[in-house]
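Student: Give me a 3D structure for the following:
(chains A and B)
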Number of protein chains: 2
Amino acid sequence: MEERIRVTLPSGEMIKNWYNVKADLPFKLDPPLNPKTGKIITPKELSAIFCPSIIEQEATDERYIKIPEEVLREYAVFRPTPLIRASFLEEYLGTPAKIYYKYEGASPTGSHKTNTALAQAYYNARDSVEQLVTETGAGQWGSALTYAGVKFGLKVRVFMVRVSYNQKPMRKHMMKLFGGDVLESPSDETESGLRFLKDDLKHPGSLGIAISEAIETVLKSGKSKYALGSVLDHVLLHQTVIGLELKKQLKLINETPTVIIGCHGGGSNFGGTILPFVLEKLSGQEIRFLACEPESCPTLTEGEYRYDYGDSSGFTPLLKMYTLGKDFVPPKIHAGGLRYHGSAPIIAKLLEEKLIEAENFPQEETFQAARLFSKVEGIIPAPETAHAIAGVIREALKAKTMKKEEVIVFTLSGHGLLDLSAYS
Amino acid sequence: MEERIRVTLPSGEMIKNWYNVKADLPFKLDPPLNPKTGKIITPKELSAIFCPSIIEQEATDERYIKIPEEVLREYAVFRPTPLIRASFLEEYLGTPAKIYYKYEGASPTGSHKTNTALAQAYYNARDSVEQLVTETGAGQWGSALTYAGVKFGLKVRVFMVRVSYNQKPMRKHMMKLFGGDVLESPSDETESGLRFLKDDLKHPGSLGIAISEAIETVLKSGKSKYALGSVLDHVLLHQTVIGLELKKQLKLINETPTVIIGCHGGGSNFGGTILPFVLEKLSGQEIRFLACEPESCPTLTEGEYRYDYGDSSGFTPLLKMYTLGKDFVPPKIHAGGLRYHGSAPIIAKLLEEKLIEAENFPQEETFQAARLFSKVEGIIPAPETAHAIAGVIREALKAKTMKKEEVIVFTLSGHGLLDLSAYS
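Tutor: Residues are numbered from 1 along each chain as shown, chains lettered A, B, ... in the order given. Below is the predicted model of the structure:
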């Protein structure tokens, strides 16, 4: 038996800066537009919903952004997350490919979302914000932000998509444990919510609607700001801590990845993982990046690349992205975190430039992948993450057919312990 | 800010043998007795419920028992578990004590139970057993055994204490994900179960009753054996992997513990943690061992030291232990894993010999401890484990009053992600 490989990082090797891929891209991203005027949005206009530090970070062209000491201290609770060789999965598949996973489920709230939640809570607290308002799908983002709120002394209000609120009561319990104020969305507390409730009192909700409710709440209140768990450039920036650690860990064991895989909802764990490797690809290294999304919410594979709103009511800036349209209400699949009509503008641009690929996966294939992984590797993945695992399995079997020694790396973005009912 | 300390082990330092404290104790343990004859039980009599390898291990006097390669391979999925300095908790309490915890929640099913489950499943599979039957309280043992069953190709049937079955549906989902066959106890499938249902159709159950149901099932069937998640010597033996790793990890950072703390239900995580340190205490080192139990089920602090049955119907061997009496039905507290009337004979003997101490904790103090720990350390502990944390906090505050630089170490035996509803 080969020894199991599990790589951490020596303490001197901890990541101290986030990486801003925009400094290295040979093309410009299309800027966000004001949803009312259609003109490039100004920092002042953004200040209605975001604090100054976040606005600055969203726009910066600096290559490296120093991670504040206060955030590093909180990262140290769970970072570096381990890089683990999935040797049992390799053996089960009989593939010549090596498979590694970066385990973000090791974070306090069980997913990668904590990486940006801590950063956003820190900056908002420093800018004297009293309350953060947000939306959550499966609840991973909501629980990460309530946890971060406790750490930096901020109140947190969360609009949780109704279908997930009902399917996943444990996430609600976690948010409440951390003192969060959790509402079912659509709710009767906002005009956006009421508009959807009018048509259907039991409307299942969507991330787009919940974002509208959160932003509307912020616009109407004085001391609240909005926090988003994916999509925007600063969120992907914070998540690069994943890819930066991964890069060092792979170097420690002398591995060069040939394909990096992540699940894709808004794009933050996928982006955080691959962005630190994009420059290598631009420099000619043979490496592929594969985004895995649900067949039922095929944003990257079947969406249009155009400007669209990030929410259903049209409050957010217009973003240039792949989109299924702001009114898209996805089916009630279990991977609530992937039920989003849009995508991160950075990821969309990389797809448009053919620097990344995307595939979609039917629900049954992803559940099979998750069950297999649980049994052989001993970690129950979140339903979102299961899409990445399904992608890994497709690639590993392809490598088997082609007799190719691929080095497949993926981010296991979260564990599924709070989603166990979905497996029944 | 001091850097966060998180200690693993170099791969060459992995534990390869379990440690049998009985080889080093200066006194003999009172042997188990046949429940019918009252005479010392023979291996042949035990073979009705246990496989030969387990019976041999229960009785051995060897100091070190080699961990089979097949089990080491499965341990490598999650072992070594990290030793983490609880620097945030220290800071919050303002204590001069250093606090470290050994994090067993990092195991596939979220608790230390996996350590013995994998060993027991391996030995039973090797001895051609087809099905293991067991009981579970909070569900940690049941999920560990169903996971281990998948790994070694055994069917697993679990009688789950009704109060936990209803309070903790997620554990049931996890057992089913791993192919387990889960019944509410008392059930109508055994005479033991029916006896209690006759008095009360919604009887909340107890570990004692569930053990009776499991053993009765085994006695009536041909190819099944029984598996116990705590109490017996071989279970504590398997759990010494915790204390053995801990010892190496503490040595790596040059720390000498002054007090080691664990929660106590049947005694397996507590025993597994402290047994490798008992010889030091016998040799004169100043070290205390503190077992923490619920006020509502005060086995060690208020029980009697005498022979008693391990179950409610009197099927198990008579064990010399601290006991509240086999008919004790504990209140419906959330720490289902600690609702047991008895204790491990090894732990009981150590208490009788004053080598260890025990304290009990009211439910509210333990929940406060768990909430505090979740917020400052970012890990939500299982309700069982919360008793150890309450003990740690008492000791850390005592150290503060006395201005004493204690080195407090405890085992965080499991996470509480599947018990979140208990915190609401």
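
Student: Please determine how far the closest residue to chain B within the stretch 51-200 of chain A is located from A:Glu384.
Tutor: Each residue of the stretch 51-200 of chain A has a distance to chain B, by CB to the nearest CB, and the smallest belongs to A:Pro108, at 3.3 Å. The C-beta positions use only the backbone N, C-alpha and C, and glycine is treated the same way. Using CB to CB, to the nearest Å, A:Pro108 is found at 18 Å from A:Glu384.

Student: okay, those two: which has more neighbours?
Tutor: Using other CB atoms under 10 Å in any protein chain shown as the criterion, A:Pro108 and A:Glu384 rank with A:Glu384 on top: 31 against 24.

Student: My read is that the residue of the stretch 51-200 of chain A closest to chain B contacts B:Phe373, right?
Tutor: No - at 11.1 Å, A:Pro108 and B:Phe373 do not qualify as touching, with contact defined as CB atoms under 8 Å.

Student: quick one: the spatially most central residue of chain A and A:Gly262, what's the gap?
Tutor: With distances taken as CA atoms, centre = their mean, chain A has A:Ser268 as the residue nearest its mean C-alpha position (3.3 Å). Using CB to CB, one obtains 9 Å as the distance from A:Ser268 to A:Gly262.

Student: Span of stretch A:88-104 from start to end?
Tutor: Taking CA to CA, to the nearest Å, stretch A:88-104 runs 19 Å from one end to the other.

Student: where in the stretch 151-300 of chain A is pLDDT low?
Tutor: In the predicted model, the stretch 151-300 of chain A carries no residue with pLDDT under 70.

Student: now the helices for it?
Tutor: Taking DSSP state H, counting those that start in this stretch to define them, one finds helices in the stretch 151-300 of chain A at A:162-167, A:169-177, A:191-199, A:207-220, A:233-252, A:268-282, A:299-302.

Student: Could you dump these into CSV and include distance to B:Pro43?
Tutor: Below are the helices of the stretch 151-300 of chain A laid out as CSV (distance: least, CB to CB, whole Å):
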stretch, distance to B:Pro43
helix A:162-167, 50
helix A:169-177, 45
helix A:191-199, 68
helix A:207-220, 62
helix A:233-252, 49
helix A:268-282, 54
helix A:299-302, 63
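
Student: Let me know which of these is the nearest to A:Leu412.
Tutor: Nearest to A:Leu412 among the helices of the stretch 151-300 of chain A is helix A:268-282 (9.4 Å), distances taken as CB to CB.

Student: chain center to the closest one, what's the gap?
Tutor: Between the centre of helix A:268-282 and the centre of its chain there are 13 Å (CA atoms, centre = their mean, to the nearest Å).

Student: Over to stretch A:236-256?
Tutor: Counting by CA atoms, centre = their mean, stretch A:236-256 comes out at 17 Å from the chain centroid.

Student: May I see the buried residues of that stretch?
Tutor: The neighbour-count check on stretch A:236-256 (16 or more other CB atoms under 10 Å in any protein chain shown) flags A:236-250, A:255 as buried.

Student: repeat for stretch A:372-382
Tutor: Neighbour-count burial for stretch A:372-382, counted by 16+ other CB under 10 Å, picks out A:372-382.

Student: In strands, which of those residues fall?
Tutor: Among those, none falls in strands (DSSP state E).

Student: just checking, A:Asn20 touches A:Glu58?
Tutor: No - if you go by CB under 8 Å, A:Asn20 and A:Glu58 don't touch, sitting 10.6 Å apart.

Student: Looking at the two, which one has more neighbours?
Tutor: It is A:Asn20, of A:Asn20 and A:Glu58, that has more neighbours when counted by other CB under 10 Å, with 21 against 17.

Student: follow-up on the earlier one: what sits against the residue nearest to the centre of chain A?
Tutor: For A:Ser268, the contact set (CB atoms under 8 Å, 6 or more residues apart in numbering or on different chains) comprises A:112-113, A:116, A:229-231, A:235-236, A:239, A:344.

Student: Can you say which of those are buried?
Tutor: For the contacts of A:Ser268, burial is judged from neighbour counts taken by 16+ other CB under 10 Å, and it is met by A:112-113, A:116, A:229-231, A:235-236, A:239, A:344.

Student: Identify, from these, the entry nearest to chain B.
Tutor: The shortest approach to chain B among the buried ones among the contacts of A:Ser268 belongs to A:Lys113, at 13.2 Å (CB to the nearest CB).

Student: Let me know the pLDDT of the closest one.
Tutor: Model confidence at A:Lys113, given as pLDDT, is 98.

Student: before we move on, what about the one 5 residues further on?
Tutor: The predicted local confidence for A:Leu118 comes out at a pLDDT of 98.

Student: Quick check: which helices or strands does the helix or strand harbouring it pack against?
Tutor: With the criterion set as DSSP states H and E, the secondary-structure element containing A:Leu118 is helix A:113-126. Where contact means 3 or more CB pairs under 8 Å, 6 or more residues apart in numbering or on different chains; DSSP states H and E, helix A:113-126 is packed against helix A:52-59, helix A:69-75, strand A:131-136, helix A:140-152, helix A:233-252, helix A:268-282.
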